[in-house]
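Colleague: Got a sequence here, can you build the structure:
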Amino acid sequence: MKIVVLAGGISAERDVSLSSGSMIYKALKQNGHKAILLDVYLGYEGDVEGIFEREEDWAAQIGAVKEENPDVEAIRALRKDGGKSFFGPNVLAICQSADCVFLALHGVGGEDGRLQACFELLGIPYTGADMVGSVLAMDKGITKDLFKAYGIPTPKGIRLKKGEAEETRVPYPCIVKSCCSGSSVGVCIARNEEEYAGAKEEAFRYSDEVIVEQYIKGREFSVGVMGGKALPVIEMAPKEGFYDYRNKYQAGSTVETCPADITPDKTRRMQEISEQVFQVLRLKSYARMDFVMNGDGEVFCLEANTLPGMTPISLLPQEAAAAGMDFGQLCERILENRN
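Modeller: Presented below is the predicted three-dimensional model:
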């Protein structure tokens with residue numbers, strides 16, 4: 001198949017996306033596909049004729065994920081046209097000439113339903129959740145509303161818009177996070193008024209609405225779902241702090257155990273909730289749900305990820321491996337369930 005792996009973009013998760021895209025691209029090439037790797041924002045300014053037939057390493061310029069999320073404004077400055085469009089030069093034309101676009105995008109623009117809507121209107125086949133599922137899962141406020149409506153256990157919390165008066169306060173300690181970001185970008189724990197003010201300022205850098213929810217101290221887990229069926233549960237135990245951006249993407253920062261060392265009952269409980277979330281959020285193909293378990297053994301679902309990371313240390317590939325599926329096979333399964 002002729003496949004465009006679409007990565008990069010202008011979200012705070014750009015580096016993670018490029019790392020995911022590089023891994024996917026290499027696996028697809030090894031599987032015999034005519035794959036190319038494109039940065040959706042920077043695009044391609046060369047001759048597109050015969051682009052899938054060229055023998056070149058499209059991942060050669062991709063670096064490792066840095067400890068801090070990237071400077072998005074610096075990326076914007078690289079576009080000669082001023083970057084008014086989300087799509088860089090020739091991106092849509094190349095995608096339209098492909099058999100499928102494998103989405104390795106994370107965050108705003110690529111994971112929130114807007115790109116999916118565009119591709120559906122243009123008739124471009126792509127991987128992952130469709131427009132509806134992407135919208136519902138990306139907005140954490142909508143996600144929590146649906147969790148509450150369908151009885152899915154989740155931490156109590158509120159939505160807060162920039163400049164809005166707080167009629168309800170969440171007791172300390174609490175978690176403050178951007179409403180529409182992933183990879184724990186803009187997520188902080190606040191234990192007092194000073195930390196709370198700083199946490200809100202940080203979260204509002206990434207969206208005009210934030211989620212403030214109760215902090216639940218406990219063990220952190222994740223469960224992938226493919227085609228509506230849950231994969232083995234993985235536990236993430238950061239060596240320091242919580243499972244934030246640094247601990248997610250810096251090798252050696254977190255101890256990950258898959259299958260998780262928990263009882264069969266707890267395993268089934270998280271898998272059943274994950275499958276329920278998959279249905280409630282109208283997801284397709286694959287996704288990953290994040291959980292925390294408190295000291296009493298109660299399980300809370302935090303959110304769903306419609307385009308989970310596919311970096312060398314990402315969770316979904318580890319879960320797939322525990323189910324007997326290597327990275328190349330995982331990519332093929334995702335391709336088989338394309339939109």
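Colleague: Mind giving me the packing neighbours of the helix or strand containing E195?
Modeller: If you go by DSSP states H and E, E195 is part of helix 193-203. Here helix 193-203 touches strand 174-178, strand 188-190, strand 209-214, going by 3 or more CB pairs under 8 Å, 6 or more residues apart in numbering; DSSP states H and E. Where C-beta positions appear, they are placed from N, C-alpha and C, glycine not excepted.
Colleague: ranking the ones you listed by burial, who's on top?
Modeller: Most buried of the helices and strands packed on helix 193-203, by mean neighbour count (mean count of other CB atoms under 10 Å): strand 174-178, with a mean of 24.
Colleague: What are the boundaries of the helices in the protein?
Modeller: Along the chain, the stretches classed as helices by DSSP state H are 14-30, 72-76, 91-96, 114-122, 131-138, 140-149, 193-203, 245-249, 264-280, 315-322, 327-336.
Colleague: Quick one: distance of the helix holding E195 to the chain centre.
Modeller: Taking the mean of its C-alpha atoms, helix 193-203 sits 24 Å from the chain's own mean (CA atoms, centre = their mean, to the nearest Å).
Colleague: okay, now F204: neighbour count?
Modeller: Neighbour count of F204, defined by other CB atoms under 10 Å: 19.
Colleague: before we move on, what about P264?
Modeller: Counted with other CB under 10 Å, P264 comes out at 7.
Colleague: Show the pLDDT at F242.
Modeller: pLDDT, F242: 51.
Colleague: pLDDT weak spots in this protein?
Modeller: 61-70, 181-186, 239-253 (pLDDT under 70).
Colleague: distance of A199 from R14?
Modeller: Per CB to CB, to the nearest Å, A199 is found 23 Å from R14.
Colleague: brain fart, F327
Modeller: Counting by CB to CB, the gap from F327 to R14 is 22 Å.
Colleague: So those two - more neighbours on which side?
Modeller: Legend: neighbour count by other CB under 10 Å for F327 and R14, higher for R14 (25 against 20).
Colleague: Pretty sure that one sits against I75.
Modeller: Yes: counting by CB atoms under 8 Å, R14 does reach I75; the two are 6.5 Å apart.
Colleague: joint contacts of those two?
Modeller: Counting by CB atoms under 8 Å, 6 or more residues apart in numbering, R14 and I75 have no common neighbour.
Colleague: which residues does the residue nearest to P308 when sequence neighbours are not counted contact?
Modeller: Leaving aside its sequence neighbours, P308 sits nearest to R288 (CB to CB, 6 or more residues apart in numbering; 3.9 Å). Residues near R288 by CB under 8 Å, 6+ apart: S222, V223, G224, V225, A304, N305, P308, L315, L316, E319.
Colleague: Of those residues, which belong to strands?
Modeller: Among the contacts of R288, the members found in strands (DSSP state E) are S222, V223, G224, V225, A304, N305.
Colleague: Out of those, which is nearest to V187?
Modeller: When the ones in strands among the contacts of R288 are compared for distance to V187 (CB to CB), N305 wins out at 13.6 Å.
Colleague: Done for today, thanks.
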